[in-house]
Structures are given as C-alpha cells and as structure tokens.
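Asker: here's my sequence, what's the structure:
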Amino acid sequence: MRRLLLLRHGKADRHSAGGDRERPLVRRGMEDARRMGEFLRDQEFAPDLAVASNARRAKQTLDRVLDSLPRHVTHLIENTIYLATVDHLVEILRQTPDKVATLLAVGHNPGFAELAYWLAGSGEADELALMRAKFPTAALAVLDFEIDHWSEVRKGGARLTRFVTPGILRGEETEDPD
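Answerer: Numbers count the residues shown, from 1 in each chain. Next up, the predicted model:
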C-alpha cells in the first residue's frame, strides 16, 4: 500500500513585494499548519518523505507541519510543484522512490484540488462530497493506493481515507473563505 498526504499550503498574505512566490503565511496559516502537523502526529500518519513547492507559503507550511511530528522526516523542495498541472503532479508522484510508503506533498490550488479529484476513485461519500465542494487552505486529503509501486498511480486509483480542513479541527461548522 502507498499513502499520499496531499496538503494545500496555509492561509497566506494576499500580497508581497517579492511577488506571488514570496507571499508568507499569516498567523492563521501558521496555526493551521501546526494544527495539521499535530493531526498527522495524532493519527500516526507521519510521512517517510515530504516534498513542497518552492513558494514561501508552502515551505512555511511544511516547516510547521514537520515541527509537530515526533521524528525527523526527510524533505525536499520541488520547484516545479508551483502552479503545476495535474499531469505534471502525477508525473512527480509516479517518480517517488518505492522505499517511500507515505508521501506528504505541500502545494497549491488549483492543481492540488484537481489532483485529489483525479486520484480519488472511492471513499466515504460525505468526505468525497466535502472535498469536491471546496479544498481550502491547509486542507488535507489522505489518499490510499493498493499498489506496490508509485509508478502505478492512475486516475481513480486511490481511496480517499480522510479529508480534513482546519475548520473541522477547530470545531467550526463552516470554512472561512480563502
């Protein structure tokens, strides 16, 4: 089995003098990223490898998540995740080394939401509907594959095991707008 933890970056500042790639997380984004890291720790979903976009907000999200985990996680920054299409994200996923059972990927919409929809062929109806309705900042899709090699990833080949948003973890009824 292979598991993909697909995490959208936390809420970021709307503007940055350095351009879109340099937009930092706002306080809520930092707190939500920490909360997601604690969720991963508590659910024992710690990854074997983590990869993030080179955008500042994605790297900050990754750092906050990793700070919450009980052990060191090898991680890397992948420049091509930033604004990547589903096709490109699938190719990155298929190149994951087979020694990695659980992969954490931190990136952006619309690519990450579209990738989650493309991969999820099954799961609890309520969680699938929630994910398809909105993939907000710091949302996490846990996708499980009954495959031996990452190269076997295909459309509809994953089961959505969990879909968690910061609002759910805060106990809120509805999500804040992005």
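
Asker: the closest residue in space to residue 121 that isn't next to it in sequence: neighbouring residues, count only.
Answerer: What sits nearest to residue 121 in space, not counting adjacent residues and going by CB to CB, 6 or more residues apart in numbering, is residue 156, at 3.0 Å. In short, each C-beta sits where N, CA and C put it, glycine included. Residues lying near residue 156 (other CB atoms under 10 Å) number 11.

Asker: isn't residue 156 right up against residue 116?
Answerer: No: applying CB atoms under 8 Å as the test, residue 156 and residue 116 come out as separate, 11.8 Å apart.

Asker: can I assume residue 20 is in contact with residue 56?
Answerer: No: the pair residue 20 / residue 56 is not scored as a contact, 9.5 Å apart, by CB under 8 Å.

Asker: who's more crowded, the two?
Answerer: Of the pair residue 20 and residue 56, residue 56 is the one with more neighbours under other CB under 10 Å, namely 19 against 14.

Asker: so how far is residue 82 from the more buried one?
Answerer: Here the criterion is CB to CB, to the nearest Å. By it, residue 56 lies 10 Å from residue 82.

Asker: please enumerate the shared neighbours of these two.
Answerer: Here residue 56 and residue 82 have residue 21 as joint contacts, going by CB atoms under 8 Å, 6 or more residues apart in numbering.

Asker: against which helices or strands is the helix or strand bottoming out on mean pLDDT in the chain packed?
Answerer: Within the chain, no helix or strand scores below helix 166-170, which has a mean of 91 by mean pLDDT, DSSP states H and E. If contacts are counted by 3 or more CB pairs under 8 Å, 6 or more residues apart in numbering; DSSP states H and E, helix 166-170 sits against helix 27-42.

Asker: so the residue lying farthest from the centre of the chain: helix, strand or coil?
Answerer: For the chain, the residue at maximal distance from the C-alpha centroid (CA atoms, centre = their mean) is residue 17, at 26.2 Å. Recorded secondary structure, residue 17: coil (DSSP: H, G, I helix; E, B strand; the rest coil).

Asker: so what's it scoring on pLDDT?
Answerer: Here, the pLDDT recorded for residue 17 equals 80.

Asker: and what of residue 14?
Answerer: Taking residue 14 on its own, its pLDDT is 89.

Asker: and it, which of the three is it?
Answerer: Under three-state DSSP, residue 14 falls in the coil class.
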